[in-house]
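# After the sequence you'll find the predicted model.
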Amino acid sequence: GDTYEVVDSATITLLVSPGFCDTLYHISVDVMDINHCVTSDHDSIVVQDVDAPMVTGTIAVNNIEGCMGDFSEVPDAFETVYELADYVEIEDNCSALNQLQLLYSADTIGTCPTIITRYYNLVDQCGNVSDTVREVIIIDDNTRPLATPPYSIEMNVNDCDISSAPDPVTAASGLLDIGF
């Protein structure tokens, strides 16, 4: 499209902006000097987006006081790129945030504590995948069992002989043995 008038020498700069994943540009340059000598050059340039989205920062570990199997206090996983962007910085050289796809998976291990690890990746329009962002949630029961005194345990000891009394309770499982 563009025509340049050149006298004896030429410097031609073509600014190429990445489009979608693979954009092919055909370039033809014809240069004529003051003596009407002409030289031509033709070239093709393929512009490719091979850079994955960049994620900077980490998500702090979320410690939740809770009981085994109780996930009521666990926050929902991020469902959009914008939700994830509230916790980490996200950049891509070609795709806007609303053009990135969010991939999600999770693992849950253990019972006390229970550790939920969520994995997030971003995919741009050209299929480039970001490094993994991890979200770790630890659910642990750190509250001791509570028994409120006074305790009332009645026992019938046969023949008033102390030797027939049960042994003192030294573990929680022993309380079940005496009906507590």
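Everything's here; your move. Numbering: from 1, shown residues only.
# Surely Val82 is within a strand?
Quick fix: residue 82 reads Tyr, not Val. No: counting by DSSP: H, G, I helix; E, B strand; the rest coil, Tyr82 is not part of a strand but helix.
# That one against Leu100, yeah?
No: counting by Cβ atoms under 8 Å, Leu100 is not a contact partner of Tyr82; they are 9.8 Å apart. To be clear about C-beta, it is placed using only N, CA and C from the backbone, and glycine gets the same treatment.
# more neighbours, the two?
Neighbour count, other Cβ atoms under 10 Å: between Tyr82 and Leu100, Leu100 has more, with 22 against 13.
# Hmm, Pro53 and the more buried one touching each other?
Yes: contact status for Leu100 versus Pro53: in contact at 5.9 Å, counting by Cβ under 8 Å.
# tell me, what's touching those two both at once?
Ile90, Asp92, Leu122, Val123, Asp124 (Cβ atoms under 8 Å, 6 or more residues apart in numbering).
# How many residues are close by Thr114?
If you count neighbours by other Cβ under 10 Å, Thr114 ends up with 21.
# from what I can see Ser130 touches Ala52, true?
Yes: using Cβ under 8 Å, Ser130 makes contact with Ala52 at a distance of 5.0 Å.
# Overlap in contacts, the two.
In contact with both Ser130 and Ala52: Leu122, using Cβ under 8 Å, 6+ apart.
# For stretch 132-147, give me every contacting residue.
Contacts for stretch 132-147 (Cβ under 8 Å, 6+ apart): 55, 58-59, 61-68, 70-71, 73-75, 77-78, 84, 88, 112-121, 172.
# and it, which residues are buried?
Val133, Glu135, Ile137, Ile138, Ile139, Asp140 (16 or more other Cβ atoms under 10 Å).
# hang on, the fifth one is in a strand, isn't it?
If I follow you right, that is Ile139. Yes: assessed by three-state DSSP, Ile139 belongs to a strand.
# Run through the bridge partners of it.
Ile64, Thr114 (DSSP bridges).
# Could you check how far it is from Ile64?
Distance, Ile139 to Ile64, by Cβ to Cβ, to the nearest Å: 5 Å.
# How far does stretch 60-77 sit from its chain's centre?
Stretch 60-77 has its C-alpha centroid displaced from the chain centroid by 17 Å (Cα atoms, centre = their mean, to the nearest Å).
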